[in-house]
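Undergrad: Okay, predicted coordinates and the sequence, questions at the end:
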Amino acid sequence: ATQYTLKLIKSDGSIAGAGEKVTLNINGVYYERTTNESGIAKMNINLNPGDYIITAEYAGCKVSNKIKVLPTIKAQDLTKKYGVSSPFTATLLDGTGKPLANEKISFNINGVFYTRTTDADGIAKLNINLQAGKYIITSSYNGLNIANTVTVQN
């Protein structure tokens, strides 16, 4: 999981030691975390993709930061035989690794764009019907892009 990490600095400018309690508010939910010996407190972020504000409070002082939870798009290179049906697949996950269903992924291969919708497992498939050769395929979702290689063999 993605973590939000903070370093607690006391009002005198010194770094807090272990055992200090910090209250965090994100998305209207309050959490309490305890600092380690280096004055660091951590919180796992398990939220859907989007923009959030997280507020840390200690000894009456509040500090807010913006955080952005991004979806994750994953794919593997594909090697296939010409004329054999082997789709290229991309998997779309939220910031916690859960599949994102019914979302549109854009594929660009050989200069042609295709859009496919993810299934219940977050997987979008694109059938590859190209001549033998090596191609770069780009998978895109909400500004997040990854590139893979598709190799078509004779």
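TA: Perfect, I can see it now.
Undergrad: can you pull the pLDDT of Lys98?
TA: Listed pLDDT for Lys98 reads 87.
Undergrad: show me what contacts it?
TA: By CB atoms under 8 Å, 6 or more residues apart in numbering, Lys98 lies in contact with Gly122. To be clear about C-beta, it is placed using only N, CA and C from the backbone, and glycine gets the same treatment.
Undergrad: What's the end-to-end length of stretch 69-83?
TA: One end of stretch 69-83 to the other measures 40 Å (CA to CA, to the nearest Å).
Undergrad: for stretch 71-91, that is, sorry about that
TA: End-to-end for stretch 71-91, by CA to CA: 10 Å.
Undergrad: If you average the pLDDT over it, what comes out?
TA: 94.
Undergrad: buried stuff in it?
TA: Of all the residues in stretch 71-91, those buried under the rule 16 or more other CB atoms under 10 Å are 71-73, 75, 78, 80, 88-91.
Undergrad: Same check on stretch 15-31?
TA: For stretch 15-31, the neighbour count (16+ other CB under 10 Å) marks 16, 20, 22, 24, 26 as buried.
Undergrad: any idea which element the third one lies in?
TA: Translated: Val22. strand 21-26 (DSSP states H and E).
Undergrad: Can you give the strand pairings for that strand, parallel or anti for each?
TA: strand 29-34 (antiparallel), strand 50-58 (antiparallel) (DSSP bridges).
Undergrad: tell me the domain boundaries of this structure?
TA: The chain breaks down into these domains under automatic domain parsing: 2-69, 72-153.
Undergrad: before we move on, the earlier item: compare the strands paired with strand 21-26 and report which one is nearest to Ser140.
TA: Nearest to Ser140, of all those, is strand 50-58, at 18.3 Å by CB to CB.
Undergrad: Report the mean confidence score over that closest one.
TA: Strand 50-58 comes out at a mean pLDDT of 94.
Undergrad: Could I get the buried residue list for it?
TA: Neighbour counts over strand 50-58 (16+ other CB under 10 Å) mark 54, 56-58 as buried.
Undergrad: Closest one to Ala41 out of the residues you listed, please.
TA: Ala56 (8.0 Å).
Undergrad: so what's that closest one up against?
TA: 6, 22-24, 41, 62-65.
Undergrad: Identify the farthest-apart pair in those residues.
TA: Farthest pair in those, by CB to CB: Ala41 and Ser64, 15.5 Å.
Undergrad: Tell me how many other residues crowd Ile67.
TA: Other residues lying near Ile67 total 15 when counted by other CB atoms under 10 Å.
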